[in-house]
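Colleague: Kindly return the folded structure for what I paste below:
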Amino acid sequence: MVILTRAPSSLDAAWKTAPVRLGVWIYPVAPAKTILESIRRLDDAGVDEVWIADEGVARDPLALFAAAAPLTSTIRFGVGITTPLLRHPGAVASTAMSIDELSDGRVTLGWGVGGHESLGPFGLSTERPVGVVRDALRLAGAVMRGQSIPEYSPPPHAAPARSIPQYVGARGEQLNRLASREADGVFLSGFEHHDLAHVIAFAQSSRPISIALYQSVRFITPEDRWSIAGSPGKLAERLASLASEFKPHSLGLALVDGGDLSAMTDDAIETIDRLRLQSAHGS
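Modeller: Below is the predicted model of the structure:
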């Protein structure tokens, strides 16, 4: 499998000083060992963060990150996103704390209502998405802080408190306003350019929080690569434009069809290199 490998280059200084973190979002339909190897190679290549979707009965992002923790050194693990309709927030918090301990503090926990692919097989939906996500943020936060709330009392055997950022992944106004009130950040993917200013304004409406902004691309076959964003060079320009206009804290590629990074050759790492160089120079 030949992916994301490169020799040290003159771009490395810019790589470390870019104003935004760079990453990859993975839809977890590839074999678990393939995704794990991809995470390891992303770490080797110096990519800052990897997000994995939780699609219910697809490969489990928390299990993958637990396996990746001892194989990696710097890459941050983002659960992007999981739903409290399928996972109890207290249990998710405990698992995230264990992985955060294994990885020396590299976990970000993302919450959302969940879409049809995760909820549909179980016949689930909700009429109160804001309340569901709000309750998850509060309960998971209490577990991770070791804090008593009406819904939770820390038992003697609870793991020590850990500081784990909580993000909200959503497109609607009310969920983004909730994130601004109660979360550490928002995970935004799949937006049209003209919608982003409004969405980010909602997410910053109560207080400044981190913005993770991911541009959707496809890597399926050599012929169909980059089919959403265009060529690698155009993708780098697009990402640099998003970084300049919307000032996200992290930015990356959302692989919308498939979790197998084997189609990502040096073109992908060169694109991220180019973006880092442009970002470091303020373009």
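Colleague: who's in contact with residue 135?
Modeller: For residue 135, the contacting residues are 84, 89, 151, by Cβ atoms under 8 Å, 6 or more residues apart in numbering. Using the backbone N, CA and C atoms, a C-beta is placed for each residue, glycine as well.
Colleague: how near is it to residue 88?
Modeller: Applying Cβ to Cβ, to the nearest Å, the value for residue 135 to residue 88 is 11 Å.
Colleague: again with residue 158
Modeller: 15 Å.
Colleague: which residues in the stretch 51-200 of the chain form helices?
Modeller: Here the stretch 51-200 of the chain has its helices, by DSSP state H, counting those that start in this stretch, at 61-68, 89-102, 116-119, 129-145, 173-182, 193-203.
Colleague: in stretch 152-171, what's buried?
Modeller: Buried residues in stretch 152-171, defined by neighbour count with 16 or more other Cβ atoms under 10 Å: 152, 162, 164, 165, 166, 167, 168, 169, 170.
Colleague: host element of residue 213?
Modeller: strand 210-217 (DSSP states H and E).
Colleague: quick one, the helix or strand just after that strand and helix 193-203 angle?
Modeller: Under the assignment DSSP H and E, the closest C-terminal helix or strand after strand 210-217 is helix 232-246. Angle, helix 232-246 to helix 193-203, by axes from the mean of the first three to the mean of the last three Cα atoms, to 10 degrees: 40 degrees.
Colleague: what's helix 232-246 packed up against?
Modeller: When contacts are defined as 3 or more Cβ pairs under 8 Å, 6 or more residues apart in numbering; DSSP states H and E, helix 232-246 packs onto helix 193-203, strand 210-217, strand 250-255, helix 266-280.
Colleague: Can you tell me what sits against stretch 55-67?
Modeller: Stretch 55-67 is contacted by residues 27-32, 35-36, 39, 52-54, 77, 79-80, 82, 86, 92, 95-96, 98-99, 102-103, 107, 114, 117-119, 121-122, 259 when judged by Cβ under 8 Å, 6+ apart.
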